[in-house]
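A predicted structure for the sequence below; I have some questions about it.
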Amino acid sequence: MNIKRDNKMKKFFIGALLLLVLVYIFSAMYSLHQIHKGIYYSDKKLIKEYVEWDELRSNFKNHSNNLLLRKPKKRKVLKN
C-alpha cells in the first residue's frame with residue numbers, strides 16, 4: 001500500500017510542478033502578446049501597463065556601460 005501511495009504522491013508533485021511551469025510560460029506569452037497588441041494598435045496605455053520604462057532604461061544603461069568598460073580591458077590585454 002505504501003508503494004501505491006508513494007507513486008500517487010510522486011505523480012501529484014510532478015503534475016503540480018508541470019502545471020506551475022506551464023502557468024509561468026503562458027503568463028510570459030500573454031504579456032508578450034499584450035505588448036505586441038499595444039504596439040500594433042498604437043495603444044500607449046496598454047504598453048505602459050506591461051513595460052516598466054524606467055527600469056528598462058536603467059537596465060539598458062547598465063548593460064551598455066558594462067559592455068563599454070569590458071572592451072578597454074580586452075584591448076589592454078592584447079597590447080601587452
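Sure thing, it's come through. Numbers count the residues shown, from 1 in each chain.

give me the buried positions along the helix or strand hosting L46.
Taking DSSP states H and E as the definition, L46 sits inside helix 44-50. The neighbour-count check on helix 44-50 (16 or more other Cβ atoms under 10 Å) flags 46-47 as buried. For the C-beta atoms, the positions are set from N, CA and C on the backbone; glycine is no exception.

tell me the mean pLDDT for it?
Predicted confidence along helix 44-50 averages 92 (mean pLDDT).

and for stretch 71-80?
Rounded mean pLDDT across stretch 71-80 is 58.

helices or strands up against the one helix or strand A16 maps to?
Per DSSP H and E, A16 falls inside helix 2-40. With contacts taken as 3 or more Cβ pairs under 8 Å, 6 or more residues apart in numbering; DSSP states H and E, helix 2-40 sits against helix 44-50.

okay, the helix it packs on in PDB with CA atoms only?
Only the C-alpha atoms of helix 44-50 are listed here, as PDB (Å, rounded to 0.1, in the frame of the first residue of the first chain):
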ATOM      1  CA  LYS A  44       0.200  53.700 -25.200                       C
ATOM      2  CA  LYS A  45      -1.900  52.800 -22.200                       C
ATOM      3  CA  LEU A  46      -1.600  49.100 -22.800                       C
ATOM      4  CA  ILE A  47       2.100  49.300 -23.500                       C
ATOM      5  CA  LYS A  48       2.700  51.400 -20.300                       C
ATOM      6  CA  GLU A  49       0.800  48.800 -18.300                       C
ATOM      7  CA  TYR A  50       3.200  45.900 -19.400                       C
END
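
out of the helices and strands in this protein, which is least certain?
Here the helix or strand of the chain ranked lowest by mean pLDDT, DSSP states H and E is helix 53-79, holding a mean of 81.

next one: the helix holding A16 to chain centre, how far?
Centroid separation for helix 2-40 versus its chain: 15 Å, with Cα atoms, centre = their mean, to the nearest Å.
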